[in-house]
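Asker: give the three-dimensional model of this entry:
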Amino acid sequence: MAEPTLVQIFGTGATRLASGATAPSAGLFIPDSALQTAGLATPNSASAEGHFAAINLNAQSYLTQTNFDANTDQSIYIDKGFSSFTTRGGNNDSYRVDQLTINLAKLDTSSTIDPDSY
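Answerer: Sure thing, here's the model as predicted:
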């Protein structure tokens, strides 16, 4: 099975731009340097999942529990979870599973996750 694509993970219109290029339309642009700071060695050839992991690791550096507690305007914080192991595939290959827990906090007005609330 193939790696998930940028469009599958980030939605219709998602594309990989060359470093320093301007976006072809309105949208979010994350420079390669930010992805590399998070540990993504070669953003131009990395998988969509690699980009997703780097974005979350980069966000984790600021969206901490400490900053959340100190700033009532911050609505999201990211914590490390617990590492574990699982087996996958026909050969029962061992995989390490590392967790990042993304916590979304809002006033208790509904039970759905609405990005506009954060």
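Asker: biggest helix in the chain, by residue count?
Answerer: With DSSP state H setting the assignment, residue counts place helix 48-60 as the longest helix in the chain.
Asker: by contact count, what packs against that one?
Answerer: helix 6-10, helix 32-37, strand 76-80, strand 100-104 (3 or more C-beta pairs under 8 Å, 6 or more residues apart in numbering; DSSP states H and E). Backbone N, C-alpha and C define where each C-beta goes, glycine included.
Asker: which strands or helices does the last one pack on?
Answerer: So the one you mean is strand 100-104. Against strand 100-104 (3+ C-beta pairs under 8 Å, 6+ apart) you get helix 48-60, strand 76-80.
Asker: show me what the following helix or strand past the last one is in contact with.
Answerer: Using DSSP states H and E, the helix or strand that follows strand 76-80 in sequence is strand 84-88. Here strand 84-88 makes contact (C-beta atoms under 8 Å, 6 or more residues apart in numbering) with 93-97, 99.
Asker: can you do 7 Å?
Answerer: By C-beta atoms under 7 Å, 6 or more residues apart in numbering, the surrounding residues in contact with strand 84-88 are 93-97.
Asker: tell me which residue lies nearest the centroid of the chain.
Answerer: Asn56 (3.2 Å; C-alpha atoms, centre = their mean).
Asker: can you count the residues close to the residue lying closest to that residue once chain neighbours are set aside?
Answerer: Sequence neighbours aside, Leu100 is the residue nearest to Asn56 in space, at 5.5 Å (criterion: C-beta to C-beta, 6 or more residues apart in numbering). Neighbourhood size, Leu100 [other C-beta atoms under 10 Å]: 13.
Asker: so who does Leu100 touch?
Answerer: Neighbouring residues of Leu100 by C-beta under 7 Å, 6+ apart: 56, 60, 78, 80-81.
Asker: any idea what it is bridged to?
Answerer: Beta bridges link Leu100 to Lys80 when assigned by DSSP bridges.
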